[in-house]
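Peer 1: With the input below, show me the fold.
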Amino acid sequence: MSLTEQAAAAAQIPPQGGRGPAAAEGILRRQAQRESAARTYARSLPIVPVRARGLTIEGADGRRYLDCLSGAGTLALGHNHPVVLEAIRGVLDSGAPLHVLDLATPVKDAFTTELFANLPAGLAADARVQFCGPAGTDAVEAALKLVRAASGRSGLLAFAGAYHGMTAGALAASGGATDVRVTRLPYPQDHRCPFGVGGAEGARLSAAWTESLLDDPKGGVPAPAGMLVEPVQGEGGVHPAPDDWLRRMREITEARGIPLIADEVQTGVGRTGAFWGVDHSGVVPDVMVLSKAIGGSLPLAVIVYRSELDVWAPGAHAGTFRGNQLAMAAGTATLAYVRRNGLAERAAELGGRMLTALRGLAADRPCIGDVRGRGLMLGVEIVDPETGAAAPDQAAAIRRGCLDRGLIVELGGRHGAVVRLLPPLTLTDEQATAVLDRLADAIPAAAH
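Peer 2: The predicted structure follows:
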């Protein structure tokens, strides 16, 4: 049989599996046999999605789930939103090239125009955009390379509890890194404040520590190339940066000529109740790292930065798939839909009500040590009622209990003890009630 005949025959082979519990079990079994031990979500969420729309996923076994993971925050409009599908079909039906490296196209021009229209005004007026490889971690790498090239320095300021990706430089700046040349600073939080005081005083001490360390000639910290900060630490346990503290970080870095890099990979595009996480404080960073929701559910990552930092030589940071036309079209549609329909404001209002409801739930559940978040980025920290220590086993049991009840959540934070909710910004009031009811039902069941 010729190669052409083999290819034609292979095209006629129906896909393995199908629908029903047996088919789903077979697919999961083959995944466990074939895929890397590095797989993550597949271990804690043993489902086989076959259809999805909005908040809802249907598994091959026929069960339906409310998805409060949303692709780790990628799906701002939920699954398969009509405006996203229409944008993708428009490109496919137009005959436009799908792969163009970094060439200019009408699709790309429309995306950058919509992106710049939504940036903080103080940055958009004099900004440049760099298209990176399709993952947020590559955009973090690009940001670090950029400030190092522009400043001529190599050091970096980052924060305890941070998460910036899994490539070498991004991982080195994350909270779990070891043996790296990154100065780790305290990130303010109330529940486990590193200074033992929490609140405004804890945030003040964090800023004072940072300023002292940078100005101390014996502090062992030479002038760094940049400071990398998340407006809300997501994987670190859903810790919103206090607005006054973030403004103080901006003052400290600006006074010392240190570029401030805001990692908005998970906080961007309305997630926190403002279009960007930094908008709450009014801070304008020197560099913004963007991915996840900006691709409208497809892979896309960029950095946006002040033009004075644009010292790149051609090819200084490149990637074969940085010209993802389908993602740019989907991203344009998503950015415009969020803006036109006030979804950031909606996230602030609905997220505030959900936060209040969760805190009411905590009053009757001793295993809930803290509830926190901003917009539709919420976290519930699970603790041992007797000691107050993180309780990762119980958090995992709650996650399993949620899945049994048709609710998809994920864990994060120190020791994996924070139940995280990242529903789409299109969440309705009725859906929010259903999410809270299922979570409330899973918590006492897990305790037993």
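Peer 1: Please report how far the most centrally placed residue in the chain lies from L69.
Peer 2: When CA atoms, centre = their mean is applied to the chain, the residue found nearest the centroid is Q266 (2.3 Å). Separation of Q266 from L69 (CB to CB, to the nearest Å) stands at 12 Å. Where C-beta positions appear, they are placed from N, C-alpha and C, glycine not excepted.
Peer 1: shared neighbours of those two, which are they?
Peer 2: Counting by CB atoms under 8 Å, 6 or more residues apart in numbering, the common neighbours of Q266 and L69 are L422.
Peer 1: Identify the residues contacting I294.
Peer 2: By CB under 8 Å, 6+ apart, the residues touching I294 are L115, G268, V269, L300, A301, V302, G331, T334, L335.
Peer 1: Narrow those residues to those in helices?
Peer 2: L115, G331, T334, L335 (DSSP state H).
Peer 1: Spatially, which two of those residues are the most separated?
Peer 2: Pairwise distances across the ones in helices among the contacts of I294 peak at 10.7 Å for L115 and T334 (criterion: CB to CB).
Peer 1: Between the two, tell me which one has more neighbours.
Peer 2: Using other CB atoms under 10 Å as the criterion, L115 and T334 rank with T334 on top: 29 against 21.
Peer 1: Could you check how far the closest residue in space to G133 that isn't next to it in sequence is from M249?
Peer 2: Excluding the flanking residues, the one nearest G133 by CB to CB, 6 or more residues apart in numbering is G319, at 3.6 Å. Using CB to CB, G319 is found at 30 Å from M249.
Peer 1: A301 now?
Peer 2: Here A301 is placed at a distance of 24 Å from M249 (CB to CB).
Peer 1: And these two? Which one has more around it.
Peer 2: Shown here are A301 and M249; by other CB under 10 Å, A301 has more neighbours (30 against 25).
Peer 1: can you pull the pLDDT of the more buried one?
Peer 2: On the pLDDT scale, A301 is placed at 97.
Peer 1: again, but for the one 5 residues further on
Peer 2: R306 is assigned a predicted lDDT (pLDDT) of 97.
Peer 1: can you count the residues close to the closest residue to it other than its chain neighbours?
Peer 2: Closest residue in space to R306, ignoring its immediate chain neighbours: D286 at 5.2 Å, by CB to CB, 6+ apart. D286 has 24 neighbouring residues, counting by other CB under 10 Å.
Peer 1: from now on call the first residue 11
Peer 2: All set: I'll call the first residue 11, so the last point we hit is now D296.
Peer 1: Quick one: residues contacting R410.
Peer 2: Applying CB under 8 Å, 6+ apart to R410 gives the contacts S54, A456.
Peer 1: what helix or strand does it sit in?
Peer 2: Here R410, judged by DSSP states H and E, is contained in helix 402-414.
Peer 1: Which positions within that helix qualify as buried?
Peer 2: Residues P402, Q404, A405, A406, A407, I408, R409, R410, G411, C412, L413 are the ones in helix 402-414 that count as buried (16 or more other CB atoms under 10 Å).
Peer 1: could you point out which element follows it?
Peer 2: The helix or strand immediately downstream of helix 402-414 is strand 417-418, counting by DSSP H and E.
Peer 1: Help me confirm that P241 comes into contact with L256.
Peer 2: Yes - applying CB atoms under 8 Å as the test, P241 and L256 come out as touching, 6.8 Å apart.
Peer 1: Can you work out which residues contact both of the two?
Peer 2: With CB under 8 Å, 6+ apart as the test, P241 and L256 both reach V288, S291.
Peer 1: So for those two, which residue has more residues nearby?
Peer 2: Shown here are P241 and L256; by other CB under 10 Å, P241 has more neighbours (28 against 25).
Peer 1: Angles on the backbone of the closest residue to the more buried one other than its chain neighbours, please.
Peer 2: Spatially, and ignoring its direct neighbours in sequence, P241 is nearest to G287 (2.7 Å; CB to CB, 6+ apart). Here is the backbone geometry of G287 (degrees, to the nearest 10): phi -60, psi -30.
Peer 1: hey, C-alpha coordinates of stretch 112-123 in CSV?
Peer 2: This file holds the C-alpha atoms of stretch 112-123, laid out as CSV (Å, rounded to 0.1, in the frame of the first residue of the first chain):
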residue,chain,number,x,y,z
ASP,A,112,5.0,38.0,12.9
LEU,A,113,3.8,39.5,9.6
ALA,A,114,1.1,42.2,9.7
THR,A,115,-2.4,41.1,8.9
PRO,A,116,-5.9,42.7,9.2
VAL,A,117,-6.7,40.2,12.0
LYS,A,118,-3.6,41.2,13.9
ASP,A,119,-4.3,44.9,13.4
ALA,A,120,-7.8,44.6,14.7
PHE,A,121,-6.5,42.7,17.8
THR,A,122,-3.9,45.3,18.7
THR,A,123,-6.3,48.1,18.1
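Peer 1: what about the residue nearest to G143, which SS state?
Peer 2: With DSSP: H, G, I helix; E, B strand; the rest coil as the basis, G329 sits in coil.
Peer 1: And it, how far from E151?
Peer 2: According to CB to CB, G329 and E151 sit 10 Å apart.
Peer 1: Confirm that V60 sits in a strand.
Peer 2: Yes - under three-state DSSP, V60 sits within a strand.
Peer 1: My read is that it contacts A33, right?
Peer 2: No - here V60 does not reach A33: they are 9.5 Å apart, not a contact under CB under 8 Å.
Peer 1: Quickly list what's touching both of those two.
Peer 2: Counting by CB under 8 Å, 6+ apart, the shared contacts of V60 and A33 are A70.
Peer 1: Span of stretch 373-385 from start to end?
Peer 2: One end of stretch 373-385 sits 21 Å from the other (CA to CA, to the nearest Å).
Peer 1: per-residue confidence averaged over it?
Peer 2: For stretch 373-385, mean pLDDT is 95.
Peer 1: What separation do you get for D439 and A48?
Peer 2: Relative to A48, D439 is positioned 39 Å away (CB to CB).
Peer 1: Looking at these two now, which is surrounded by more residues?
Peer 2: Shown here are D439 and A48; by other CB under 10 Å, D439 has more neighbours (9 against 6).
Peer 1: For that one, give me the backbone phi and psi.
Peer 2: Phi and psi for D439, reported as degrees, to the nearest 10, are phi -60, psi -40.
Peer 1: ok, D71 touching P31?
Peer 2: Yes - D71 is within contact range of P31, at 4.6 Å (criterion: CB under 8 Å).
Peer 1: What helices and strands are in contact with whatever helix or strand R448 lives in?
Peer 2: According to DSSP H and E, R448 maps onto helix 439-457. With contacts taken as 3 or more CB pairs under 8 Å, 6 or more residues apart in numbering; DSSP states H and E, helix 439-457 sits against strand 74-77, helix 353-372, helix 402-414, strand 417-418, strand 428-431.
Peer 1: closest to T177 out of these?
Peer 2: The nearest among those, by CB to CB, is strand 428-431 at 22.7 Å.
Peer 1: packing partners for the closest one?
Peer 2: Here strand 428-431 is seen to pack against strand 387-392, helix 402-414, strand 420-422, helix 439-457 when contacts are counted using 3+ CB pairs under 8 Å, 6+ apart.
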